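Q: need a 3D model of the following:
(2 chains)
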Amino acid sequence: MSSPDQYKYSESHEWIDIEGTIGTVGITDHAQNELSDVVYVELPEIGKEVAAGDAIAVVESVKAASDIYAPVSGKVTEVNDTLGDDPALVNTGAFTEGWLFKIEVSNADEAKKLLSADAYKKHIS
Amino acid sequence: MLAKKATLKTSPLHDSHKKLEAKMVPFSGWEMPLHYQGIIPEHKAVRESVGVFDISHMGVFEVSGTKSESWINALLTNDIRSAAVGEGQYTLMLNENGGVIDDLIIYRVEDQRFLMVVNAAKTQEDWDWLVEHKNEAVELSNIGGNMAALAIQGPKSRALIEKAFPQQSILPTRNKIFFWDESIPPLWISRTGYTGEDGFELFFMEEHSQDLWDLVLKRMEPLGGLPAGLGSRDTLRLEACLPLNGNDLAPDISPLEAGLSRFVSFDKPEKFIGSSILREQLESGKQRMLMPFVISEKCPPPRKDYELFVKGHGKPIGKATSGALSPTLGKGIGLALVQNTFAKPDQAIEIEIRGKRYKGHLTKKPLYRKTS
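A: As a prediction, this is how the structure comes out:
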């Protein structure tokens, strides 16, 4: 796994860590902090084909439900089942064990349009 | 967004909240703490130990005058005659249609002098309503603007009050209020709250807020308490099935439908505003009832406006007015306004969340009851 400095970011606060053709997706530390206590995570079905920008998961805090968007197009290959029992991992490890799903990236060019870590920092400041 | 933020009112304790790195949110025209450490730890602190809430956003009115008792009885649903000096009572202010303008606590602090503590979101509306119905025998004063207030809630709230104010030998009992005026600044202390736990509410002039906040927090630390925000205040009150105006109470919901008939008096000499409609509801039967529900399977947090269904009955039977994953029960809970024919404890229901249905049942109030 690379470090968050090397991840790519969406303006809607998802991160993606692409290794080979597989991208791991989560929400940023900034996003989890804004949401506060995450109490439920609804994950996509494995095998689901998604387009960049599709709402494919929901992260719910005590106060609100937030849609999570696919940062790139592709097929969902894996979801983080541990979040079922421990959704708070999204708070404690937004960039690590709180990842949401993995996606087989169908168009590598899409990832190039995402924000760098520096650009994302500027976006949230 | 920025312009809107600039108009939000702030509590006299605003800087203290910032210092504690509270997450501040807009609420009813105020900027108040949602939480400090997190909603769930703060919820648990109140259930297991003690929590301190800044409730300075609540409105406080004073009513006095020789005829104030009967004036109050004509405006509010409960019978104020049953509150002796030093006692508070829960009561409701209704519109002409019998719907709820606000729910509030009124304290009789002297024979013909009363304090009303009202919801922040409704302070102006309540005040305008009172002024509109005022007569010459009554004096009204909106004193909340210069005041601050703290709610100290939880099984260790009494221990905290005793440690913070050792010079005070007597404490009010449930629903009572009295005035402390010795070494500490003018201070009303009441044995009331909005969490389902034992607790106190302190009302004082804003210039003393910093000293009192610091004192209370210092004495709270060894008890394992936490400062607590609006987030846990909401989950705590929902477990206790205490209604939230704007969610479970509204101008088109009557107190009878909300299950609050014991706070409505038809026996008093004064005919209160809305009473004729409530009488009709009593005679013809209610169409809907506010009922607590529990979801028995793992589910996303129930929320306001989610629809409730009964198997074999096509149309929704009602919808949630409040909801949450209960930190104490570990289940989805809520209050829902349901058709009267289905308003029975143990009635099986399903709640629809994003197209999926989750099984549960209606139940009796409260969803949580303190053990001690």
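
Q: show me what contacts residue B:79?
A: If a contact means Cβ atoms under 8 Å, 6 or more residues apart in numbering or on different chains, then residue B:79 has B:73, B:265, B:267-268 as its contacts. Quick note: C-beta positions are derived from backbone N, CA and C, even for glycine.

Q: now, which of those sits nearest chain A?
A: The closest of those to chain A turns out to be residue B:265 (Cβ to the nearest Cβ; 36.6 Å).

Q: specify the beta-bridge partners of residue A:69.
A: Counting by DSSP bridges, residue A:69 is bridged to residue A:55.

Q: could you pull up phi and psi at residue B:347?
A: phi -60, psi 120 (degrees, to the nearest 10).

Q: ramachandran coordinates for the closest residue to it other than its chain neighbours?
A: Leaving out its chain neighbours, the residue that sits closest to residue B:347 by Cβ to Cβ, 6 or more residues apart in numbering or on different chains is residue B:362, at 4.4 Å. Main-chain dihedrals, residue B:362, degrees, to the nearest 10: phi -80, psi 160.

Q: list the contacts of residue B:362.
A: B:291-293, B:336, B:338, B:342-347, B:349.

Q: list the buried residues in stretch A:89-109.
A: For stretch A:89-109, the neighbour count (16 or more other Cβ atoms under 10 Å in any protein chain shown) marks A:89-91, A:94-95, A:98-105 as buried.

Q: can you list those in TSV and add pLDDT?
A: Below are these laid out as TSV (pLDDT from 0 to 100):
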residue	pLDDT
A:89	97
A:90	97
A:91	95
A:94	97
A:95	97
A:98	98
A:99	98
A:100	98
A:101	98
A:102	98
A:103	98
A:104	97
A:105	96
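
Q: of these, list those near chain B.
A: For chain B, the contacts drawn from the buried residues of stretch A:89-109 by Cβ under 8 Å from any Cβ of the partner chain are residue A:91.

Q: nearest to residue B:328 among the buried residues of stretch A:89-109?
A: residue A:91 (19.8 Å; Cβ to Cβ).

Q: for the residue in the stretch 151-300 of chain B positioned nearest to chain A, which non-adjacent residue is closest in space?
A: In the stretch 151-300 of chain B, the residue that lies nearest chain A is residue B:300 (4.5 Å; Cβ to the nearest Cβ). Setting aside the residues directly before and after it, residue B:300 is nearest to residue A:40 in space (Cβ to Cβ, 6+ apart), at 4.5 Å.

Q: would you confirm that the one you found contacts residue A:62?
A: No - at 9.7 Å, residue A:40 does not count as touching residue A:62 under the criterion of Cβ atoms under 8 Å.

Q: tell me where chain A has strands.
A: A:8-9, A:14-19, A:22-27, A:38-42, A:49-50, A:55-61, A:65-69, A:74-79, A:101-105 (DSSP state E).

Q: looking at those strands, which is closest to residue B:234?
A: Here strand A:55-61 is closest among the strands of chain A (Cβ to Cβ), at 12.3 Å.

Q: next, the angle strand A:14-19 makes with the closest one.
A: 120 degrees (axes from the mean of the first three to the mean of the last three Cα atoms, to 10 degrees).

Q: give me the contacts around strand A:55-61.
A: In contact with strand A:55-61 (Cβ under 8 Å, 6+ apart) are residues A:27, A:35-44, A:48, A:50, A:65-70, A:76, A:87, A:90, A:100-101, B:300-301, B:354.

Q: what helix or strand does residue B:303 sit in?
A: Under the assignment given by DSSP states H and E, residue B:303 is not contained in any helix or strand.

Q: measure it to residue A:60 for me?
A: 9 Å (Cβ to Cβ, to the nearest Å).

Q: so which of these two has more stuff around it?
A: Shown here are residue B:303 and residue A:60; by other Cβ atoms under 10 Å in any protein chain shown, residue A:60 has more neighbours (21 against 18).

Q: now that one. Nearest residue, chain neighbours left out?
A: Nearest non-adjacent residue to residue A:60 (Cβ to Cβ, 6+ apart): residue A:40, at 4.2 Å.

Q: how far away is the one you found from residue B:220?
A: 31 Å.

Q: count of neighbours near residue B:258?
A: 24.

Q: near chain B, which residues of chain A are found?
A: A:36-37, A:39-40, A:42, A:58, A:60, A:62-63, A:65, A:84, A:91.

Q: got the phi and psi for residue B:308?
A: Dihedral angles for residue B:308 - degrees, to the nearest 10 - are phi -110, psi 140.

Q: next one: residue 47, what pLDDT does it get?
A: If you meant another chain, say so; for now it's chain A. Residue A:47 is assigned a pLDDT of 97 by the prediction.

Q: switch to chain B, please.
A: For residue B:47, the predicted pLDDT is 98.

Q: more neighbours, residue A:40 and residue B:220?
A: Neighbour count, other Cβ under 10 Å: between residue A:40 and residue B:220, residue B:220 has more, with 25 against 21.

Q: does the more buried one really touch residue B:50, like I thought?
A: Yes - between residue B:220 and residue B:50 a contact is recorded at 6.1 Å, counting by Cβ under 8 Å.

Q: what do those two both touch?
A: Both residue B:220 and residue B:50 are contacted by residue B:160, under the criterion Cβ under 8 Å, 6+ apart.

Q: so where is the stretch 1-150 of chain B shaky, pLDDT-wise?
A: Applying pLDDT under 70 to the stretch 1-150 of chain B picks out residues B:1-6.

Q: count the residues that sit near residue B:239.
A: The number of residues packed near residue B:239 is 23, by other Cβ under 10 Å.

Q: how about the contacts made by the closest residue to residue A:82 other than its chain neighbours?
A: Using Cβ to Cβ, 6+ apart and skipping residues adjacent in sequence, the residue nearest residue A:82 is residue A:89, 6.5 Å away. Applying Cβ under 8 Å, 6+ apart, we find residue A:89 in contact with A:80, A:82-83, A:97-98.

Q: hang on, the earlier thing: show me which of the contacts of residue B:79 are buried.
A: B:73, B:265, B:268.

Q: what lies in contact with stretch B:47-55?
A: Counting by Cβ under 8 Å, 6+ apart, B:11, B:13, B:17, B:32-33, B:42, B:45, B:148-157, B:159-160, B:195, B:197, B:201, B:213, B:216-217, B:220, B:223-229, B:232-233, B:236, B:327-328 sit against stretch B:47-55.

Q: give the buried residues for the strand or helix carrying residue B:210.
A: Residue B:210 is part of helix B:209-220, with elements assigned from DSSP H and E. By neighbour count on 16+ other Cβ under 10 Å, the buried set for helix B:209-220 is B:209, B:212-213, B:216-217, B:219-220.
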